[in-house]
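Engineer: sharing a model prediction with you, sequence too.
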Amino acid sequence: MDTSIFVNIPTTDLDRAKAFYTALGCTINPNFTDDNAACVVWSDTIYFMVLKREFLATFTDKPIVDPNESLQVALSFSRDSREDVDAILALGLAAGGTEPREAQDYGFMYSRDLDDPDGNSLGFLYMDPTAAAEGPAAYEEQAQA
């Protein structure tokens, strides 16, 4: 059995959130989208349920944090190249997102962060295949050879 991931995130503007995520290349599943929530499809197994804050509050007795003020979770997505990381950041920035800090370049891994218009944190990264399979030390050995 494959496991799917459903990540619930708050929004103050559902239409703006849908426009932002579709600009990144996601699709919206209309079967699970209404006036309170939208199902954002990243892949066959990864979905965001973007929920109006008031609706998300009905799922829990805990307070819903303001993602502009507090970090509840940071999600990272792999990309096939550094250029792909830069390309999705460009799309996100053009669609109203912000880049909260500079790119992180560790040699074996390159990553950039993107906050959606509600402040939810997304990371996009490229990791060298050798480092991904064998660890950063193997990458360093290969780079020095």
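Structural biologist: Okay, I see it.
Engineer: by contact count, what packs against the lowest-mean-pLDDT helix or strand in the chain?
Structural biologist: Sorted by mean pLDDT, DSSP states H and E, the helices and strands of the chain end with helix 136-144, the least confident at a mean of 82. Helices and strands touching helix 136-144, by 3 or more CB pairs under 8 Å, 6 or more residues apart in numbering; DSSP states H and E, are helix 129-134. C-beta here means a position set from N, CA and C on the backbone, and glycine is covered the same way.
Engineer: ok, and what's touching the longest helix seen in the chain?
Structural biologist: Among the elements of type helix in the chain, defined by DSSP state H, the one spanning the most residues is helix 82-94. Applying CB atoms under 8 Å, 6 or more residues apart in numbering, the set of residues contacting helix 82-94 from outside is 20, 23-25, 79, 99, 110-112, 114, 116, 122, 124-126.
Engineer: buried stuff in stretch 137-145?
Structural biologist: Tyr139 (16 or more other CB atoms under 10 Å).
Engineer: look up phi and psi at the residue positioned nearest the centre of the chain.
Structural biologist: The centroid of the chain falls nearest to Leu122 when counting by CA atoms, centre = their mean (3.4 Å). With angles defined as degrees, to the nearest 10, Leu122 sits at phi -120, psi 140.
Engineer: same deal with the one 3 residues further on?
Structural biologist: With angles defined as degrees, to the nearest 10, Leu125 shows backbone torsions of phi -140, psi 150.
Engineer: how close does it get to Thr3?
Structural biologist: Shown here: Leu125 relative to Thr3, a distance of 21 Å by CB to CB, to the nearest Å.
Engineer: picking up where we left off before, next step: the contacts of helix 82-94 restricted to helices.
Structural biologist: By the criterion of DSSP H, membership of the contacts of helix 82-94 in helices covers Phe20, Ala23.
Engineer: are any of the contacts of helix 82-94 buried, and which?
Structural biologist: Among the contacts of helix 82-94, those classed as buried by 16+ other CB under 10 Å are 20, 23-24, 79, 110-112, 114, 116, 122, 124-126.
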